[in-house]
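Trainee: Kindly generate the corresponding structure for this input.
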Amino acid sequence: MSAAARKRRGAFYTPEDAAASLVRWAVHQNSDRMLDPSCGDGRFLRLHPNSTGVESDRPSAAEAQARAPHATIHADDFFRWASETRQRFECAAGNPPFIRYQTFCGDTRERALKYCAARGVSISALTSSWAPFLVAAASLLKPGGRMAFVVPAEIGHASYAKPLVEFLLRSFSSIDIVAVKEKIFPDLSEDVWLLYTEGYGGQCNSIHLSLLERFSFRERPPRRGTMVSAEEWRSWNGRLRPFLVSADVRDRYQSVAQDQKARRLGDLARVGIGYVTGANEFFHLRPSAARTLRIPSQFLRAAVRNGRALGGVPVTESKVQEWIEEDQPVLLLKLEPSSALPSAVRRYLDSEAGLDARQTYKCRNRDPWYAVPDVHVPDAFLTYMSGSGPSLVANPAKCVGTNSVHTVRLKNGIGVSDLVRLWNSPLRELSCEFEGHPLGGGMLKIEPREASRIVVGHPSGWTPSDDELVRRGLSTLRSWRHCG
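Mentor: Numbers count the residues shown, from 1 in each chain. From the prediction side, this is the model:
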């Protein structure tokens, strides 16, 4: 399978020692029937003589059968097979595909979400594929059954993982999650953790979280770790990632964040996404092209195209002039639905590029197709994907911004300079780590709802020892997402 095909299907095969560890724990005796719901090339199946695998990719299923001739392998969509089979298993182990929602689509996703909903698990359509795989695999266990799976570190912070974890809490007697800092898959940007659940049909009110610097073969999860109660987990918006830092850091942050005098970004500003054109190359013109096309200036607005353009400094008139002198494509063609369009604009709209643009999904679903909605001038911009953390910059040049940056509009009488001053604090940096989420490759992403929860400024009574706690927590969380 090519690298592109493997990435598209989420087919990153598990290192032998990780597969052996999971199977060794899941299987208690040779007579146990083990299920691998996405068996790939069969490296889990070959480790146990009484195995059943399901694999939708027929060449991979054939490879798995050759690798594990003793196994029963079904070349089928797992969710279709799971909805029809009457087989039940003592245990399940494997590495479900990590396919993001953009490509986890069509009939397979519809079957997966329907299967989960029928078992009382309402998973967002934005889910990655691994979450419904675990729900379905669990539903095929016998009472008392066990699961041992490789899972993405997203189980520690993704919003779509919450209903999965709630399902695990009410379906198993114990849950162990092993967070591993050093990458188990060296060629995969995404970090992975290990999930162990036991006692299907029971329930529990806590999660045992263990932290490892690096993985090596072990017959059972580490016995040392943190017992995270379900109540604590819910108090952190269903996130385990905060438990990567020490309790004193978490407690101090929570005491500040829950203080009635605490100021969050959402208290001081509205954070949203910028406009979506549907055809950026068409709607964003270079100054030289705008002159050649004779587009009148009243139909052009200077725009921030992405976070790289900001550079962490205010968007000033001189900065915009610099973009124009460099002939960057920063002029948004801003047309109102009721605008009387001059002939030069009409010619551009009817050009070959315009005919192509109007066929894009966003353009063909709005009327008129050329009127880009939700264009407004924010007081500031917020980068939402970065290595060290997001930047908040003022917008004195009154630019507009695409959906590659967040827009910030002030409220409750605060000035932009005061907000920027509050933003530039170590506590806010730590808050970004707690409220945002890592994407792999050292990147941190902040969605608008997460941004609204970010604590800004320092409360009264803040001390140098608090600064030290913040620095320690910040260093730990950044090291876990491999930043700097």
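Trainee: Kindly export the host helix or strand of Ser83 (C-alpha atoms) in CSV.
Mentor: Using DSSP states H and E, Ser83 sits within helix 78-84. Extracted C-alpha coordinates of helix 78-84, given in CSV (Å, rounded to 0.1, in the frame of the first residue of the first chain):
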residue,chain,number,x,y,z
PHE,A,78,-16.7,-3.8,10.1
PHE,A,79,-19.9,-1.9,11.0
ARG,A,80,-21.9,-3.9,8.4
TRP,A,81,-20.4,-7.2,9.7
ALA,A,82,-20.9,-6.2,13.4
SER,A,83,-24.6,-5.4,12.8
GLU,A,84,-25.1,-8.9,11.3
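Trainee: residues touching Asp379, list them.
Mentor: Contacts for Asp379 (C-beta atoms under 8 Å, 6 or more residues apart in numbering) come out as 269, 394-395, 408-410, 416. Using the backbone N, CA and C atoms, a C-beta is placed for each residue, glycine as well.
Trainee: mind redoing it with 7 Å?
Mentor: Going by C-beta atoms under 7 Å, 6 or more residues apart in numbering, Asp379 touches 395, 408-410, 416.
Trainee: Next: Cys363.
Mentor: When contacts are counted by C-beta under 7 Å, 6+ apart, Cys363 is found next to 278-279, 357, 369.
Trainee: now, the most widely separated pair of these?
Mentor: Using C-beta to C-beta, the contacts of Cys363 span at most 9.3 Å, a distance reached by Ala279 and Trp369.
Trainee: More neighbours: which of the two?
Mentor: Ranked by neighbour count (other C-beta atoms under 10 Å), Ala279 and Trp369 place Ala279 first, with 21 against 18.
Trainee: Correct me if wrong: Ala26 contacts Gly94.
Mentor: No - under the criterion of C-beta atoms under 7 Å, Ala26 makes no contact with Gly94, lying 9.5 Å away.
Trainee: one step back: weed out the non-buried ones from the contacts of Asp379.
Mentor: Taking 16 or more other C-beta atoms under 10 Å as the criterion, what is buried in the contacts of Asp379 is 395, 408, 410, 416.
Trainee: Now, the residues you listed that are in helices?
Mentor: Val416 (DSSP state H).
Trainee: quick one on the thing from earlier: just give me the closest of the contacts of Asp379 to Arg170.
Mentor: Among the contacts of Asp379, Val408 lies closest to Arg170 (C-beta to C-beta), at 39.6 Å.
Trainee: any idea how far Gly401 lies from Val276?
Mentor: Per C-beta to C-beta, to the nearest Å, Gly401 is found 11 Å from Val276.
Trainee: swap that for Pro438, sorry
Mentor: Distance of Pro438 to Val276, computed by C-beta to C-beta: 25 Å.
Trainee: Between the two, tell me which one has more neighbours.
Mentor: Pro438 (23 against 16).
Trainee: what about the closest residue in space to the more buried one that isn't next to it in sequence, neighbour count?
Mentor: In space, and not counting its chain neighbours, Pro438 is closest to Arg481: 3.8 Å by C-beta to C-beta, 6 or more residues apart in numbering. If you count neighbours by other C-beta under 10 Å, Arg481 ends up with 23.
Trainee: again, but for His28
Mentor: Residues contacting His28 under the criterion other C-beta under 10 Å number 10.
Trainee: I'd like the domain boundaries of this structure, if you could list them.
Mentor: Listed by automatic domain parsing, the domain ranges of the chain are 3-244, 270-480.
Trainee: Would you format these as a markdown table with mean pLDDT and distance to Tyr253 included?
Mentor: Shown next, in a markdown table, are the domains of the chain (pLDDT from 0 to 100; distance: least, C-beta to C-beta, whole Å):
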| stretch | mean pLDDT | distance to Tyr253 |
| --- | --- | --- |
| domain 3-244 | 91 | 8 |
| domain 270-480 | 94 | 6 |
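Trainee: Please identify the most buried of those.
Mentor: Stretch with highest mean neighbour count among the domains of the chain: domain 3-244 (a mean of 19; mean count of other C-beta atoms under 10 Å).
Trainee: could the domains of the chain be laid out in JSON lines, adding distance to Gln254?
Mentor: As requested, these are exported to JSON lines (distance: least, C-beta to C-beta, whole Å):
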{"stretch": "domain 3-244", "distance to Gln254": "8"}
{"stretch": "domain 270-480", "distance to Gln254": "9"}
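Trainee: Figure out which of these is closest to Arg252.
Mentor: Evaluated with C-beta to C-beta, the domains of the chain place domain 270-480 nearest to Arg252, the distance being 5.2 Å.
Trainee: Off-centre distance for that closest one?
Mentor: Centre-to-centre, domain 270-480 and its host chain are 20 Å apart (C-alpha atoms, centre = their mean, to the nearest Å).
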